[in-house]
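Enquirer: Next one to model:
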Amino acid sequence: MDAKDVDWDDARWLNPPSAAERVGTALVVTPHAGADFWRQTSYGFTRDTGSALLTELPPDTSVEVTFDGDFDTLYDQAGIFVRVDGLTWVKAGVEVTDGALHVGAVVTRGMSDWSLAPVPEWSGRSVTVRVSRAGDALTIRARADDDDWRTIRLAPLAPDAQAFAGPFCCSPERADLRVRFTRFVLGPADAGLHESP
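Expert: Down below sits the predicted model:
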């Protein structure tokens, strides 16, 4: 398949945000305070209240989302959300923790895990996250502006699973995060794990 832009109106909200408005071709989203996606591990709670704008992600396809925002408060986060159901999902992108911006992913199969790496140099820049679905796996990559892609995570996903994906954001600790999403693109899956798109 050829890469194609997804119109904001052609995707559906999982938990509509506090506000979402078109500004030119971008979509500016303000998530609800306290909203998040997490299941159990270490924190002991389950939250399935974050906002994600989803479209179908069939096998052998990819999704890319580009965004920027004023990420400066603990757990401010945005990126791509991939969902099968409430027990099986992945979120990947940037998040503030330990006083700095990090890139990472949460992979949930009944319980959540979390991997991350600091990227303070990405603050104030446009970030693109790419999730490629092929075989039994999701390959997750990210970059700031036109920097080289970084492989963030390889995560399992059943080949026959019906999955949906698209931009997401959460702000568990505040009410005024604004994230500006500028691209939402579906395209072909990456040719291989070690080949950048």
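
Enquirer: who does the helix or strand that contains residue 64 touch, helix- and strand-wise?
Expert: Using DSSP states H and E, residue 64 sits within strand 61-69. With contacts defined as 3 or more Cβ pairs under 8 Å, 6 or more residues apart in numbering; DSSP states H and E, the packing partners of strand 61-69 are strand 77-85, strand 127-134, strand 164-170, strand 179-188. C-beta coordinates here come from the backbone N, C-alpha and C atoms, glycine included.

Enquirer: buried ones in the longest one?
Expert: In other words, strand 179-188. Going by neighbour count (16 or more other Cβ atoms under 10 Å), the buried part of strand 179-188 is 179, 180, 181, 182, 184, 186, 187.

Enquirer: Check the first one too.
Expert: When neighbours are counted by 16+ other Cβ under 10 Å, the buried residues of strand 77-85 are found to be 77, 78, 79, 80, 81, 82, 83, 84.

Enquirer: ok so, going back, need the helices and strands packed on strand 61-69 in CSV with mean pLDDT and distance to residue 41, can you?
Expert: Converted to CSV, the helices and strands packed on strand 61-69 look like this (pLDDT from 0 to 100; distance: least, Cβ to Cβ, whole Å):
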stretch, mean pLDDT, distance to residue 41
strand 77-85, 98, 16
strand 127-134, 98, 21
strand 164-170, 98, 17
strand 179-188, 98, 25
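
Enquirer: Same list, those strands, but as CSV with distance to residue 65 please.
Expert: What follows is these, written out as CSV (distance: least, Cβ to Cβ, whole Å):
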stretch, distance to residue 65
strand 77-85, 5
strand 127-134, 5
strand 164-170, 4
strand 179-188, 6
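
Enquirer: Cool, thanks, talk later.
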